[in-house]
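>>> Sequence first, then the predicted structure, then my questions.
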2 protein chains.
Amino acid sequence: MACAGLYRFNTRLLHTKFPKRTSSSSSARINHTISASTSSDDAFFTWDDVFRSAKPHDAPRDSPNSNLHAFFDRIKACNRGSEMRREFIPFVVEERIVGYVHNRFAEVLRDFKDVFVLEEDDDDRRVSLCGSLASPEERTDAVGEVIERLGEGVIPGIRNELYPVTSSFGAPVFFSLERAAAPYFGIKAYGIHMNGYVDRDGEKFLWIGKRSNKKPTFPGMLDHLVAGGLPHDVTCKENVLKECEEEAGIPRSLAKSAVPVGAVSYIDIDEYKYKRDVLFCYDLKIPDGFVPSNQDGEVDSFKLIPVTDVANIIRRTKLFKPNCSLVIIDFLFRHGFITPEESGYLQLLQSLRSGDCS
Amino acid sequence: MACAGLYRFNTRLLHTKFPKRTSSSSSARINHTISASTSSDDAFFTWDDVFRSAKPHDAPRDSPNSNLHAFFDRIKACNRGSEMRREFIPFVVEERIVGYVHNRFAEVLRDFKDVFVLEEDDDDRRVSLCGSLASPEERTDAVGEVIERLGEGVIPGIRNELYPVTSSFGAPVFFSLERAAAPYFGIKAYGIHMNGYVDRDGEKFLWIGKRSNKKPTFPGMLDHLVAGGLPHDVTCKENVLKECEEEAGIPRSLAKSAVPVGAVSYIDIDEYKYKRDVLFCYDLKIPDGFVPSNQDGEVDSFKLIPVTDVANIIRRTKLFKPNCSLVIIDFLFRHGFITPEESGYLQLLQSLRSGDCS
């Protein structure tokens, strides 16, 4: 592949507007209402902090008519920056919109003339791929090389994991893109999130994970028992089975009982990143007595917590990785922990699919 | 209340365009793929017809990639006439849109000058209530009198049951309107639908009702175990308890275990009727051995049917009252009978709330 413009890009364009933001984990450190443990530099909060936030049940809370108020806040936290949508232009492949690119990032891509084309027609701007890149493989290689050249300074946290680039779930895949670059190109990204629950004589509990403090994203925060992005060429079901094994040591014989129960979606714009995520939700009823055990070092520990307490943690803190809140609120709806008598029931239900759920 | 214009309305305006349609039940008679029983004039189809449609499981059906195709058809049947929306104008109370009225029906209402005002401002037309009708009670009485005057020829099937007129669920109620008139004013209408299911060693069954052949709407068609419109001043939960008792003889001690699990919505335009319905969905796990028994004469009989067979009946026939299909498809999603591996998963999920779900 000829890359005439490959060395001419100017990333200075990317650093002229937004002040450097603190990492995602900082929000967990400064925003939650619980005092963080100081026993270790890495420990932003402990399980004791978590449990204190869940009890007592009669702690000051919203009036019965605005019980759902805090849940709306969690959903907003996954749907930031809608006022910035006009700063993004479509990323088009084979005349289908597959993503959205920030105006200024588009200027950076303009330098890679053998890979990207910046089309400008009156007020209508869009980024597309060079016509010479006809096959998915050629596109994957060419765009991958650009991302490598841009480097960690522009697209941090390279994972060497490819996401399919498509107009909607199940539609033809035009090429594959490094996972860390997905939000910079605003492509649709899909994932699976599994609620692992225990039913003990009618009282339901959720297995909650605490992410390793060494994770590059959302270190130390609360998470689902099992969750993961959906890579290219893996079905949701296969991904659930794989992640069950890796993240929680759940054997295939149990994991295959995981039930697909729907999906949530959100659009989150943060500086140059335009996330358009759809999460397929699963429920797995875990036998009482089974204790999950992380295999890949990405989870610090798991705790079994009554669902009503989990709801309180979500209401009162920001200790959960933000998108987990959506999936857990969906669980609360489907299992009757939120009722039509609560003000805002239908609006909250709708807001669980604020993004393009396709 | 003075009703100067009450005797001057001209319903001829309503009969100039649409040919007289056959009743809703006719579609059940002519469209389903099962031969209707001819043992009685009233029996459009029998349970035997239903069971034949559910089996065998390997009957000709769509390819695995278009498994959901027929479900989309059922959803379309609840969302007809979107191309006719421009024939309707807003019905406004206290500057809030509470409904939509057909242009021609608005001309009829124009004659009731002490009740309705037809405002015309360039291309912007809307119907509102006379400013002199300030209280909900005055509005309810005045509009009720108009509906009575219009009579069965214009608004058939008067039920003497009042629906709240509101801009969204839980918002202030501006007045109350006869249930049969609701679609003519395009007001939002709310209902509850309950899936009664049995879990027999992991295999799930649904209790399905067959409506009495004497019901004025959808006679003889398949229905949920329990369903009903939500009248003014009754909560969803109270309504579920009441309908459980009346429709299926389910005692309060069991009915109170019904779990609210979300909602579906649709917009259905049929001639002058503009239905904007939201159905709150409930699941009730019925103990194996309990047999429902109708108390109010509105249900002919109940049968316990494997969920996979119910799915086939919905796929292959139009024997269900149309809006039941939406609630049952929602059940199929939440209980894992539809999987992300099936083409159209996300679109079908989204389409369950095609109406304004607020």
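Nice, thanks for sending it over. Numbers count the residues shown, from 1 in each chain, chains lettered A, B, ... in the order given.
>>> Averaged pLDDT, the one helix or strand A:Phe205 maps to. What do you get?
Secondary structure assignment for A:Phe205, by DSSP states H and E: strand A:203-211. Strand A:203-211 carries an average pLDDT of 98.
>>> Contact partners for A:Pro164?
Counting by C-beta atoms under 8 Å, 6 or more residues apart in numbering or on different chains, A:Pro164 touches A:Val173, A:Ser176, A:His232, A:Asp233. Yep, even glycine has a C-beta here, placed from its N, CA and C like the rest.
>>> who does A:Tyr197 bridge with?
A:Leu206, A:Lys285 (DSSP bridges).
>>> follow-up on the earlier one: export the contacts of A:Pro164 to JSON lines and tack on secondary structure, pLDDT and distance to B:Asp201?
Converted to JSON lines, the contacts of A:Pro164 look like this (DSSP: H, G, I helix; E, B strand; the rest coil; pLDDT from 0 to 100; distance: C-beta to C-beta, whole Å):
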{"residue": "A:Val173", "secondary structure": "coil", "pLDDT": "96", "distance to B:Asp201": "41"}
{"residue": "A:Ser176", "secondary structure": "strand", "pLDDT": "97", "distance to B:Asp201": "43"}
{"residue": "A:His232", "secondary structure": "coil", "pLDDT": "85", "distance to B:Asp201": "39"}
{"residue": "A:Asp233", "secondary structure": "coil", "pLDDT": "87", "distance to B:Asp201": "36"}
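>>> Buried among these? Make that a PyMOL selection.
Filtering those down to the buried ones (16 or more other C-beta atoms under 10 Å in any protein chain shown) takes a single PyMOL command:
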select buried, chain A and resi 173+176+232
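>>> mind listing what A:Ser212 touches?
A:Pro219, A:Gly220, A:Gly297, A:Glu298, A:Val299, A:Asp300.
>>> Any of these buried? List them.
By 16+ other C-beta under 10 Å, the contacts of A:Ser212 give A:Pro219, A:Gly220, A:Val299, A:Asp300 as buried.
>>> Could you find the closest non-adjacent residue to the third one?
What it means is A:Val299. A:Gly209 (4.6 Å; C-beta to C-beta, 6 or more residues apart in numbering or on different chains).
>>> Now do the contacts for that neighbour.
Applying C-beta under 8 Å, 6+ apart, the residues near A:Gly209 are A:Leu222, A:Asp223, A:His224, A:Leu225, A:Glu247, A:Ala248, A:Pro292, A:Asn294, A:Val299, A:Asp300, A:Ser301, A:Phe302.
>>> roughly how far apart are the closest residue to chain B within the stretch 151-300 of chain A and A:Val93?
Nearest residue of the stretch 151-300 of chain A to chain B, counting by C-beta to the nearest C-beta: A:Val259, 3.6 Å away. A:Val259 is 35 Å from A:Val93, where distance means C-beta to C-beta, to the nearest Å.
>>> contacting residues around A:Asn103?
A:Glu87, A:Phe88, A:Ile89, A:Arg125.
>>> how about a cut-off of 10 Å?
A:Leu13, A:Arg86, A:Glu87, A:Phe88, A:Ile89, A:Leu118, A:Arg125, A:Val127, A:Tyr272 (C-beta atoms under 10 Å, 6 or more residues apart in numbering or on different chains).
>>> need the buried ones among the contacts of A:Ser212 in TSV with distance to B:Glu145 and secondary structure, can you?
Compiled in TSV, the buried ones among the contacts of A:Ser212 are given as follows (distance: C-beta to C-beta, whole Å; DSSP: H, G, I helix; E, B strand; the rest coil):
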residue	distance to B:Glu145	secondary structure
A:Pro219	68	coil
A:Gly220	66	coil
A:Val299	67	strand
A:Asp300	69	strand
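>>> Appreciated, that's everything.
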